[in-house]
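Colleague: fold the following, please.
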Amino acid sequence: MLRNYIKIAWRTLGKQRGLTFINVFGLAVGLTCCLLITLYVLDELSYDRFNTKADRIYRVHADIKFGGNDMRFAVSPDPVGPTLKQDYPQVEQFVRLHRRGTSLVKRSGSTNNLREENITFADSTLFDVFTLPLVAGDAKRALSESHSVVISESAAQRHFGSQNPLGQTLVFNNQEAYKVTGVMRDMPTNSHFQSNFFLSMINDDYSWGRWLSNNHHTYVVLREGVDYKQFERNFDTVIEKYVGPQSQEMIGTSMAEFRKAGNSFRYWLMPLTDIHLHSKQQAELAANGDIQYVYIFSAVALFILLIACINFMNLATARSSKRAKEVGVRKVLGSERGQLVGQFMAESVLMTVLAMLVALVIVTVSLPGFNAISAKSLSVTRLLSPAFLLVLIALPLVVGLLAGSYPAFFLSSFRPISVLKGAAGSAAAGAGNSSGLRSGLVVFQFMMSMVLIVGTIIVYRQITYIQTKNVGFNREQILTVNDLFTLGSQAETFKQEVLRMPGVVSGSISGFLPTPSNRNDNSYFPEGAVDQKKAVQMQTWGVDHDYIHTLGMQIVQGRDFSRQFGTDSTGIILNESAAKLFGGNVIGKRVMTFNDPQGKTTKTYTVIGVVKNFHFESLRRNIGALSMTLDPNSGAASFRLSSTNLPALVGQIEAKWKQLVPGQPFSYAFMADDFDAIYRAEQRIGTIALTFALLAILIACLGLFGLAAFTAEQRTKEIGVRKVLGASVGSIVTLLSKDFLKLVLIAIVIASPLAWYAMNSWLQDFAYKIDIEWWMFLLAGLLAVGIALLTVSFQSIKAALMDPVKSLRSE
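Modeller: As a prediction, the model looks like this:
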């Protein structure tokens with residue numbers, strides 16, 4: 001019987017090639033979107049699950065409200081890990097990571113450096129916590145000695161080629177020698193952090209034993225059966241026992257007084273597998289994903305699949321008049337309703353299987369492009385995993401049964417006597433009873449499409465707003481040259497040589513930039529006593545005399561640093577946020593901060609100016625307090641250019657670099673590009689949303705095209721009569737189009753508040769955001785109406801231009 005169902009279904013699909021193409025292509029596009037998004041979502045959900053102890057690993061976070069700032073850190077003090085391991089038997093193991101960032105690395109004896117990123121200090125317990133298999137070396141001892149380093153296989157290949165790296169020496173930044181004690185496999189891409197070099201924590205300059213300084217990412221492994229929420233209760237004791245005494249020593253206040261002043265301090269644990277999608281903390285090891293986007297794309301995949309299924313249901317019921325006689329004859333010859341349902345279900349499942357085969361081909365071809373858009377490394381081989389094979393088998397069956405259920409039961413319900421008395425008329429009447437449902441499904445299709453269009457418009461408007469907003473500094477045509485420490489004492493010489501080049505307007509040396517770069521957070525107090533009630537927590541950036549001018553910042557009170565004032569070595573410039581926390585009128589006021597990690601000595605500065613607020617973090621955050629002091633560091637040099645031939649000018653600067661430090665890599669970037677990189681995730685989301693919105697509209701229009709064709713076919717004789725009686729082509733086109741346009745307008749009305757709610761919720765993540773305006777909905781509505789009108793008009797005009805003699809010949 002099943003074989004017979006399939007054979008008849010295949011013949012039926014072959015007879016109705018136009019319908020088959022629309023349904024198979026629409027379902028294939030819907031399934032393609034569903035498969036691509038499923039690959040994306042599964043990859044996002046898989047982060048860090050490769051670790052064998054993933055369900056027992058947690059990261060210690062520090063949330064601090066102090067000095068006018070509400071700080072939520074992914075880092076904690078360096079003594080936290082050892083203390084928890086020592087004091088609490090529930091803790092099986094710990095490891096601390098401290099990001100070193102980027103360094104110049106070379107083999108001992110070589111003169112040529114390679115610029116390496118993702119370098120991290122780590123405890124010797126690293127391999128007890130994370131599953132990072134070594135291909136060479138002893139995991140237990142690899143990082144236990146001073147100046148030892150474990151490198152990845154790819155790093156080993158870059159530096160040592162086919163030679164054995166173990167025992168070899170790598171030199172970092174031309175001065176620090178580390179012995180290679182292990183080679184590990186490259187870290188999986190679905191890890192919330194990446195590192196090619198793990199340096200022994202013994203050599204970390206930031207391991208001070210200071211409880212009031214948060215610099216390390218601390219991970220703990222809890223023993224089997226320990227509830228991490230219950231374990232968090234121990235943190236109150238830890239704070240009172242360890243943080244409290246240092247607070248009393250450094251700022252002269254107990255934790256009770258600290259909290260009484262309106263401040264707060266707490267530690268808490270985040271499960272390792274939650275970090276990538278759920279962490280909103282500051283000072284992450286790398287950019288995270290967002291669970292919100294997983295929900296959004298999962299919903300989009302479901303919506304697009306539903307749109308494709310609705311097409312099938314609509315087209316199948318619309319063609320009921322063509323199959324009414326077949327149903328009647330089958331019933332007269334003894335077919336039961338269940339057999340008819342089985343036949344129609346077989347057609348639906350067969351069509352879905354064909355669509356799945358087409359979708360797999362499209363996925364294979366489009367996956368590289370999707371990877372480029374989404375910044376993923378998804379592989380077609382993932383489709384062959386047991387879990388995904390189950391999805392590939394189950395999805396056509398589920399979709400086929402879902403899409404074919406209503407048409408099957410609807411078509412099999414025709415009464416044979418009524419049908420055979422007047423097959424077309426009775427079937428048409430039956431179809432008419434289902435027209436309300438079809439109309440509702442068309443409304444649902446375009447409602448979802450409208451939501452996607454509005455969402456895409458708002459995402460792109462927000463991205464444009466970010467890219468064009470006045471951020472308080474001029475990032476255009478600023479060239480940043482990295483790794484200036486390589487020049488040593490020649491850094492200033494390099495700056496002056498570049499400034500003499502035509503097309504270079506100004507230059508500054510500082511590793512602190514308003515794009516991702518160095519950060520330094522400190523507590524400041526009005527001169528006098530260290531009073532935590534008057535403390536201001538703010539960024540402290542070391543800059544030179546030309547920094548503010550070069551970056552196009554604006555002084556709103558007082559003055560900039562000047563070489564004419566020798567006292568500026570103890571001068572400080574605040575941004576508006578910091579000035580407000582110090583009382584507003586701050587010029588001439590003296591503020592002090594701790595001068596050493598233990599807080600035993602202080603240093604006092606005089607406020608000489610206030611710089612207009614500028615964004616130095618993502619626009620998701622409000623502008624925090626910041627200060628600048630004359631303390632040039634050799635992190636980077638920034639040059640403002642005015643040349644129309646930038647490649648040639650960059651080439652001159654590179655030549656000067658190579659003249660001063662031969663063999664050292666020249667690394668540069670334009671500040672505008674670095675700024676845009678902060679919002680690359682939003683740009684990717686916007687591109688993906690636009691792509692799927694267009695596909696959703698395409699699928700919906702395919703269904704509308706098919707419905708318009710069958711409506712015109714059913715009304716062929718009516719159109720002929722109207723033309724004989726003098727109806728114009730325009731009036732007939734209007735007649736056939738208006739019903740569909742009414743449905744689209746209803747969809748727009750329903751979709752608008754839904755789209756506003758969804759996108760308003762998304763915008764809440766940004767401290768600086770656009771307003772959702774009426775014209776966005778009008779534009780989306782016009783697009784939806786225009787696309788629907790074009791789709792329907794093709795069939796309407798075709799029907800209106802038909803010769804009435806042909807349509808009335810049989811009357």
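Colleague: how about the strands in the stretch 151-300 of the chain?
Modeller: 169-172, 176-184, 197-200, 217-222, 264-271 (DSSP state E, counting those that start in this stretch).
Colleague: can I get those strands in TSV including mean pLDDT, mean neighbour count and distance to N474?
Modeller: Glycine gets a C-beta too; all of them are placed from N, C-alpha and C. Supplementary listing: those in TSV, determined by pLDDT from 0 to 100; neighbours: other CB atoms under 10 Å; distance: least, CB to CB, whole Å:
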stretch	mean pLDDT	mean neighbour count	distance to N474
strand 169-172	93	20	34
strand 176-184	94	20	37
strand 197-200	95	25	36
strand 217-222	96	24	34
strand 264-271	92	16	38
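Colleague: among those, which is nearest I748?
Modeller: strand 264-271 (42.0 Å; CB to CB).
Colleague: restricting to C-alpha, output that closest one in PDB.
Modeller: Written as PDB, here are the backbone C-alpha positions of strand 264-271 (Å, rounded to 0.1, in the frame of the first residue of the first chain):
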ATOM      1  CA  SER A 264      28.200  47.100  47.600                       C
ATOM      2  CA  PHE A 265      30.700  44.300  47.000                       C
ATOM      3  CA  ARG A 266      29.900  40.700  46.200                       C
ATOM      4  CA  TYR A 267      31.300  37.700  44.500                       C
ATOM      5  CA  TRP A 268      29.300  35.100  42.600                       C
ATOM      6  CA  LEU A 269      29.700  32.200  40.400                       C
ATOM      7  CA  MET A 270      28.700  31.700  36.700                       C
ATOM      8  CA  PRO A 271      28.600  28.200  35.200                       C
END
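Colleague: now the angle from that strand to strand 217-222?
Modeller: On the basis of axes from the mean of the first three to the mean of the last three CA atoms, to 10 degrees, strand 264-271 is oriented at 60 degrees to strand 217-222.
Colleague: which of the strands of the stretch 151-300 of the chain sits closest to A696?
Modeller: Of all these, it is strand 264-271 that lies closest to A696, at 34.7 Å by CB to CB.
Colleague: so which elements touch that closest one?
Modeller: Under the contact criterion of 3 or more CB pairs under 8 Å, 6 or more residues apart in numbering; DSSP states H and E, strand 264-271 touches strand 57-66, helix 228-231, helix 235-238, helix 255-260.
Colleague: now the angle from that strand to strand 57-66?
Modeller: Angle of strand 264-271 versus strand 57-66, following the same axes, to 10 degrees, is 160 degrees.
Colleague: sec struct for L479, please.
Modeller: At L479 the chain is in strand, as set by DSSP: H, G, I helix; E, B strand; the rest coil.
Colleague: K65: how many residues sit nearby?
Modeller: By other CB atoms under 10 Å, 17 other residues sit near K65.
Colleague: so what's it bridging to?
Modeller: D70, S264 (DSSP bridges).
Colleague: which residues does it contact?
Modeller: For K65, the contact set (CB atoms under 8 Å, 6 or more residues apart in numbering) comprises 71, 262-265.
Colleague: distance to L357 added to those, as JSON lines?
Modeller: Rendered in JSON lines, the data for the contacts of K65 read as follows (distance: CB to CB, whole Å):
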{"residue": "M71", "distance to L357": "54"}
{"residue": "G262", "distance to L357": "64"}
{"residue": "N263", "distance to L357": "63"}
{"residue": "S264", "distance to L357": "58"}
{"residue": "F265", "distance to L357": "59"}
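Colleague: which residue is nearest the middle of this protein?
Modeller: By CA atoms, centre = their mean, the chain has its centre lying nearest to A681, at 4.0 Å.
Colleague: what values do phi and psi take at that residue?
Modeller: Main-chain dihedrals, A681, degrees, to the nearest 10: phi -60, psi -40.
Colleague: the closest residue to it other than its chain neighbours: how many residues sit nearby?
Modeller: In space, A681 comes closest to A287 once its chain neighbours are excluded; the distance is 6.6 Å by CB to CB, 6 or more residues apart in numbering. Around A287 sit 15 other residues, with neighbours defined as other CB under 10 Å.
Colleague: same check on Q557?
Modeller: Q557 has 18 nearby residues by other CB under 10 Å.
Colleague: are we agreed that it is in a helix?
Modeller: No - going by three-state DSSP, the assignment for Q557 is strand, not a helix.
Colleague: thought it was touching K589?
Modeller: No - counting by CB atoms under 8 Å, Q557 sits too far from K589 to count as a contact (11.3 Å).
Colleague: sorry, back to before: closest to L97 out of the strands of the stretch 151-300 of the chain?
Modeller: From the strands of the stretch 151-300 of the chain, taking CB to CB, the stretch that ends up closest is strand 217-222, at 4.4 Å.
Colleague: run me through the strand neighbours of the closest one, direction for each.
Modeller: strand 57-66 (antiparallel), strand 91-107 (antiparallel).
Colleague: compare those and report which one is nearest to F525.
Modeller: strand 57-66 (11.8 Å).
Colleague: show me which residues of that closest one are buried.
Modeller: Of the residues in strand 57-66, 57-62, 64-66 count as buried by neighbour count, 16 or more other CB atoms under 10 Å.
Colleague: now do the helices in the stretch 451-600 of the chain.
Modeller: Here the stretch 451-600 of the chain has its helices, by DSSP state H, counting those that start in this stretch, at 491-499, 547-550, 576-581.
Colleague: tabulate those (CSV), appending distance to W762 and mean neighbour count.
Modeller: Putting those into CSV (distance: least, CB to CB, whole Å; neighbours: other CB atoms under 10 Å) gives the following:
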stretch, distance to W762, mean neighbour count
helix 491-499, 43, 17
helix 547-550, 35, 22
helix 576-581, 26, 21
